[in-house]
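> Could you look at this predicted model? Sequence included:
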Amino acid sequence: QDFLNFSDNSGETRLDIFIQVQFSEIQFIRTSDGYVGNYSVSVSVYQMDKETLVTEKIWNEKINIATFEESSAKSNYNLSYRSINMKPGKYFIKTTVTDNESRSEYSSSNEFEVRDLSERPSISDIMLVTKKNSVGGSDKIFPNISRNVSESEDKIKLYFEVYSDSLTMYNIEYVVETKY
């Protein structure tokens with residue numbers, strides 16, 4: 001999972017939520033067309049007291065695959081995305097993924113700061129990009145949820161947005177450092 005701050009132009013910040021679920025974590029059922037797996041995602045955002053619920057998003061995902069081998073391949077996953085408009089502040093976020101067939105649950109909890117991006121100029125969070133596809137004239141980017149980058153990669157793809165109220169040109173410089 002990954003959480004990123006982007007401007008919403010409404011005075012609030014758009015919290016983008018990315019959930020990556022490995023096929024091997026889902027139980028697939030044979031159908032006449034192949035195999036299907038279903039799971040539910042619940043993202044609950046609390047105040048830092050971990051008791052006061054601020055907002056919650058719940059959705060279902062369905063995965064259709066042709067062969068059973070696809071269900072266990074380590075490289076196969078489903079990526080889902082939702083957004084929530086939030087007031088800036090620190091929050092406690094609990095994410096639960098439930099396999100609808102086996103009822104297995106996987107949960108994680110994180111503290112996350114929703115940043116105030118209403119000041120100009122400002123910059124969104126930086127997304128590590130795993131790939132980019134062009135579909136119908138528009139680009140679609142896919143985040144690197146694990147944030148793992150191998151030393152063999154000669155390029156690191158990033159995506160971020162810069163917000164400004166004017167036509168002022170900005171020069172952005174950044175440094176990528178290794179942290180252990």
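Cool, the structure landed.

> Spatially nearest residue to residue 52 (excluding sequence neighbours)?
residue 46 (6.0 Å; C-beta to C-beta, 6 or more residues apart in numbering). In short, each C-beta sits where N, CA and C put it, glycine included.

> Tell me the spacing between residue 80 and residue 160.
Note on residue 80: its distance to residue 160, by C-beta to C-beta, to the nearest Å, is 22 Å.

> For these two, indicate the residue with more neighbours.
The neighbour count for residue 80 versus residue 160, taken as other C-beta atoms under 10 Å, is higher for residue 80 (16 against 13).

> Spatially nearest residue to the more buried one (excluding sequence neighbours)?
Nearest residue to residue 80 in three dimensions, chain neighbours excluded: residue 19, at 4.9 Å (C-beta to C-beta, 6+ apart).

> Now do the strands in the protein.
2-7, 13-22, 29-31, 34-46, 53-65, 77-86, 89-99, 105-114, 122-123, 127-135, 138-143, 157-159, 162-163 (DSSP state E).

> Any chance of JSON lines for those strands, columns mean pLDDT?
Supplementary listing: those in JSON lines, determined by pLDDT from 0 to 100:
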{"stretch": "strand 2-7", "mean pLDDT": "96"}
{"stretch": "strand 13-22", "mean pLDDT": "97"}
{"stretch": "strand 29-31", "mean pLDDT": "96"}
{"stretch": "strand 34-46", "mean pLDDT": "98"}
{"stretch": "strand 53-65", "mean pLDDT": "98"}
{"stretch": "strand 77-86", "mean pLDDT": "96"}
{"stretch": "strand 89-99", "mean pLDDT": "98"}
{"stretch": "strand 105-114", "mean pLDDT": "97"}
{"stretch": "strand 122-123", "mean pLDDT": "93"}
{"stretch": "strand 127-135", "mean pLDDT": "89"}
{"stretch": "strand 138-143", "mean pLDDT": "90"}
{"stretch": "strand 157-159", "mean pLDDT": "91"}
{"stretch": "strand 162-163", "mean pLDDT": "91"}
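
> Export these to a markdown table and append columns for distance to residue 179.
Shown next, in a markdown table, are those (distance: least, C-beta to C-beta, whole Å):
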| stretch | distance to residue 179 |
| --- | --- |
| strand 2-7 | 17 |
| strand 13-22 | 21 |
| strand 29-31 | 42 |
| strand 34-46 | 27 |
| strand 53-65 | 30 |
| strand 77-86 | 25 |
| strand 89-99 | 22 |
| strand 105-114 | 18 |
| strand 122-123 | 20 |
| strand 127-135 | 14 |
| strand 138-143 | 19 |
| strand 157-159 | 16 |
| strand 162-163 | 24 |
